[in-house]
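Participant: The following comprises the amino acid sequence and a computationally predicted model.
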Amino acid sequence: MTKRFKTVKASILTGIVLISIIFAVAPTTSAGILFNLQSSLTVGWNSTIEPLVPRGESKQLKIDITHTVNKGLLGAAVLQLYAGKMITIQIEVLSTPTWATASLSQGTVSATIGAPGTTQTLSTMLTLAVSENAPALGVGEVKLRATALKAGLVQSFQQDFGLTFQPDYKPLISPAYPDSNTKQIGPMDTATFRIDITNMGNARTRVYLNVVTVPAGWVAIVTDQVTLEEAVGAVGTAYLVVKPPKGFGYHYDEQTITISMQPFKADDESKKGAITPASFLVESRGFSTPGFDAIAFIGALALVMSIIIFIRKRK
C-alpha cells in the first residue's frame, strides 16, 4: 500500500515538475500554442428591435456575451490551474449612422474561468436613439466589438458584430397662415386663406384636408390634399375659400370655419399621424344687393324707351 502511494505521489510530482519546466523554459506564446488555451465569445440579444421613433423614447436592448475557454489535448490540466481566475471582457461601440446614437451601460465585464467545457453568460445594456432626420424605415447598423483580454496562457479573443435596426415614420406637420387666419370682407366678396404646411417628419408625406364645420348659408372649400417632399422643412401650400351669404340688405356677420389636416406616409397610408385642426374667422360687413345689376339694366332700358316715345309724340 505504502509502495503504491509512493508511486502515485512520484507521478504527480513528476507531472508538476514537467509542467513547471515547460512554463519556465518555453516562451509564453509557445506554451499557449502548446496547450491551446483560447477564450471564445459569442454575442447575441434576445428581443426584436421595433422601429425607433425619431426624437422619441430611446430603446434599450440586453446584450448577452457568452464566454468559454477552448483547450487542446494538453490543456486540461493547465486549465484546472486557472480555475477561478478572472478574464476581463471589453465591449465597445465602433460606429453608428450619423442620425443615431448608441451607448453601453457597461463597457467592461469580468468572466470567471471554470472547469473545462463550462460557459458563463454576462450582460450589458445597449441604448439606441434616432434623431429627427433619420430616414423612415431605412436600415441602420450599430457596429460593436467584444474583446476577451489575455490572461496568462489563456489567449485573447476578439469579435466584431453588427446590430441592425430601423427608424420609424414620424408623421408631423406644422401649418402656418402667412396672410393671417382672419379676414373682413363684404357680403358680395370671397375670402381666400393661404395655408403653408411644413413637413416636420422624416418621409414623403401626404396631407389630407377637410372642412369640418361651416355655418348655414356659408360656403367653404379647401384644397383636398397636399404632398410634402421627404426633406425636413419641405413646404406645400393649400387654400381655403369662403363665401358668405349674400341675401339682400345690410350684413354684420362673424363666423368661424374649421378644417382638419392629417398626415399620411405618401407610399404607405396605413401609417398616419394625428389630426391637426385649424380655425378661420370671417367677418362679412356691408350691404348686399343681389340682382341689382339686372334691375338697374331693366330700369335704364325702360327710361330710354320712355324718352324715345316722348320724342316721337312731340313730332
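Facilitator: Happy to help now that I have it.

Participant: got a list of what the nearest residue to Ala238 once chain neighbours are set aside touches?
Facilitator: Distance criterion Cβ to Cβ, 6 or more residues apart in numbering; nearest residue to Ala238, sequence neighbours excluded, is Thr223 at 3.7 Å. The way it works is simple: take the backbone N, C-alpha and C, and place the C-beta from them, glycine included. For Thr223, the contact set (Cβ atoms under 8 Å, 6 or more residues apart in numbering) comprises 195, 209, 238-240.

Participant: Quick check: phi and psi at Thr223.
Facilitator: Dihedral pair for Thr223: phi -50, psi 130, per degrees, to the nearest 10.

Participant: State the distance from it to Gly273.
Facilitator: 18 Å (Cβ to Cβ, to the nearest Å).

Participant: Quick check: Leu137 is in a helix.
Facilitator: No - secondary structure of Leu137 (DSSP: H, G, I helix; E, B strand; the rest coil): coil, not part of a helix.

Participant: nearest spatial neighbour of it, skipping sequence neighbours?
Facilitator: Gln166 (5.4 Å).

Participant: how many neighbours does that neighbour have?
Facilitator: 17 (other Cβ atoms under 10 Å).

Participant: these two touch, right, it and Pro135?
Facilitator: No - using Cβ atoms under 8 Å, Gln166 makes no contact with Pro135, being 9.1 Å away.

Participant: Pro178 contacts Arg194, doesn't it?
Facilitator: Yes - at 5.7 Å, Pro178 counts as touching Arg194 under the criterion of Cβ under 8 Å.

Participant: residues of stretch 94-107 that come out buried?
Facilitator: Neighbour-count burial for stretch 94-107 flags 96-97, 99-100, 102 (criterion: 16 or more other Cβ atoms under 10 Å).

Participant: Stretch 272-292 too?
Facilitator: 272-273, 276, 278, 280, 282-284, 288.

Participant: how far is it from where the chain is centred?
Facilitator: 38 Å (Cα atoms, centre = their mean, to the nearest Å).

Participant: what do you get for stretch 254-263?
Facilitator: 29 Å.

Participant: which residues are contacting that stretch?
Facilitator: Under Cβ under 8 Å, 6+ apart, the answer for stretch 254-263 is 171-173, 175, 195, 197, 201, 205-215, 218, 220, 222, 228, 240, 242, 244, 272-284.

Participant: Quickly list what the nearest residue to Gln184 once chain neighbours are set aside is bridged to.
Facilitator: The shortest distance from Gln184 to any non-neighbouring residue, by Cβ to Cβ, 6+ apart, is to Glu283 (4.3 Å). Taking DSSP bridges as the rule, Glu283 bridges to Gln184, Glu254.

Participant: which residues touch Glu283?
Facilitator: Contacts of Glu283 (Cβ under 8 Å, 6+ apart): 182-185, 253-254.

Participant: Could you report the distance from it to Asn181?
Facilitator: 12 Å.

Participant: Please apply the same query to Leu37.
Facilitator: Distance from Leu37 to Asn181, by Cβ to Cβ: 76 Å.

Participant: Look at the two and report which has more neighbours.
Facilitator: Leu37 (24 against 18).

Participant: what's near enough to touch that one?
Facilitator: 69-72, 75, 78-79, 82, 153-155.

Participant: What of Phe161?
Facilitator: 43, 143-146.

Participant: okay, these in CSV with distance to Pro263 next?
Facilitator: CSV is the format used below for the contacts of Phe161 (distance: Cβ to Cβ, whole Å):
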residue, distance to Pro263
Val43, 39
Lys143, 34
Leu144, 35
Arg145, 40
Ala146, 42
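
Participant: Give me the buried entries from the residues you listed.
Facilitator: 43, 144, 146.

Participant: shouldn't the first one be in contact with Asp64?
Facilitator: To tie it back to what came earlier, the one meant is Val43. Yes - if you go by Cβ under 8 Å, Val43 and Asp64 touch, sitting 7.1 Å apart.

Participant: which one of Pro178 and Arg194 has more residues nearby?
Facilitator: Ranked by neighbour count (other Cβ under 10 Å), Pro178 and Arg194 place Arg194 first, with 14 against 9.

Participant: On the pLDDT front, check the more buried one for me.
Facilitator: Per-residue pLDDT puts Arg194 at 97.

Participant: Look at it and give its secondary structure.
Facilitator: Quick answer, by three-state DSSP: Arg194 is strand.

Participant: Does it touch Val235 like I think?
Facilitator: No - under the criterion of Cβ under 8 Å, Arg194 is not in contact with Val235, lying 11.4 Å apart.

Participant: Low-confidence ranges, the stretch 201-315 of the chain, go.
Facilitator: 247-251, 287-315 (pLDDT under 70).

Participant: that older thread, just the ones of the contacts of Leu37 in helices?
Facilitator: 78-79 (DSSP state H).

Participant: Most widely separated two among the contacts of Leu37?
Facilitator: Among the contacts of Leu37, the pair separated by the greatest distance (Cβ to Cβ) is Gly72 and Tyr82, at 14.2 Å.
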